[in-house]
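> A structural model of the following input is requested.
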Amino acid sequence: MTTVLRTEATPAAPALRLRPWSDRDVTALIEIYRDPILRQWTRLHVENAEDAVRWLDVQRQGWKSRQRLSFAVLEERPDSGKDQLVANVVLKRADPTGRTAEVGYWTAAHARGRGIAPRALETLTDWAFDTFAADGLDHLDLLHQVDNPASCRVAEKTGYRFAHTLPAQPPAFPQDGHRHVRARR
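Next comes the predicted model:
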């Protein structure tokens with residue numbers, strides 16, 4: 001069964017559809033990853049079709065293991081009949097039977113500043129707590145580098161409270177980070 005999630009349209013914003021990534025996303029993924037700002041905050045980069053296929057395989061393997069549940073976020077465009085890829089949200093469950101998991105996200109350059117990340121993250125958060133409550137999931141972490149104020153704003157908008165600063169762990173995490181936490185309601 002394919003997991004598809006939706007946010008409703010608002011007077012100011014079209015509906016969003018969240019679905020697992022697929023091979024039909026290769027071209028859009030390559031284009032989105034040309035953005036230097038996105039590349040600054042992500043560890044897996046996509047330069048060409050081979051990289052995109054490899055990136056998509058990581059997402060597929062994550063679904064198989066239930067440890068990395070990544071969704072392509074599409075903005076529904078009823079006027080054109082063609083949805084546009086605008087973001088990624090992911091639930092990372094290092095311990096699928098644990099009480100905690102981590103969320104992550106990115107937004108395509110053409111979609112930033114329109115509230116897409118908070119809407120998609122809120123949808124993912126609700127789904128995670130509903131889906132994994134029986135496994136004992138009771139809180140989610142959102143981690144980002146201290147020099148990424150946009151991620152702080154997304155965390156605050158979606159009820160992830162600042163918990164503390166994490167020390168840098170080079171080379172993977174060269175700068176200090178923030179840990180935000182949201183508990184199941």
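> Tell me, how many residues neighbour the nearest residue to residue 172 once chain neighbours are set aside?
Excluding its sequence neighbours, the residue lying closest to residue 172 (CB to CB, 6 or more residues apart in numbering) is residue 43, at 7.1 Å. C-beta coordinates here come from the backbone N, C-alpha and C atoms, glycine included. The local packing count at residue 43 equals 7, with neighbours defined by other CB atoms under 10 Å.
> On the three-state scheme, residue 43 is what?
Put simply, residue 43 is coil when judged by DSSP: H, G, I helix; E, B strand; the rest coil.
> What strand or helix carries the residue most central in space within the chain?
Taking CA atoms, centre = their mean as the criterion, residue 89 is the residue nearest the geometric centre of the chain, at 1.8 Å. Applying DSSP states H and E as the criterion places residue 89 in strand 84-92.
> what is the orientation angle of the next helix or strand along the chain from that strand with strand 84-92?
Read in the C-terminal direction, the helix or strand following strand 84-92 is strand 100-107, with elements assigned using DSSP H and E. Computed by axes from the mean of the first three to the mean of the last three CA atoms, to 10 degrees, the angle separating strand 100-107 from strand 84-92 equals 160 degrees.
> Poorly predicted segments of the protein, please.
Along the chain, the parts satisfying pLDDT under 70 run over 1-2.
> which stretches of it form strands?
Ranges of strands in the chain, per DSSP state E, are 5-7, 16-20, 68-75, 84-92, 100-107, 139-145, 161-166, 177-183.
> quick one on the thing from earlier: verify the stated contact: the residue nearest to the centre of the chain with residue 119.
No. Taking CB atoms under 8 Å as the contact criterion, residue 89 and residue 119 are not neighbours in contact, 9.9 Å apart.
> Can you report how many residues lie near the closest residue to residue 100 other than its chain neighbours?
Using CB to CB, 6+ apart and skipping the chain neighbours, the partner closest in space to residue 100 is residue 139 (5.4 Å). Applying other CB under 10 Å, we find 14 other residues in the vicinity of residue 139.
> swap in residue 37?
The burial count assigned to residue 37 is 13, neighbours taken as other CB under 10 Å.
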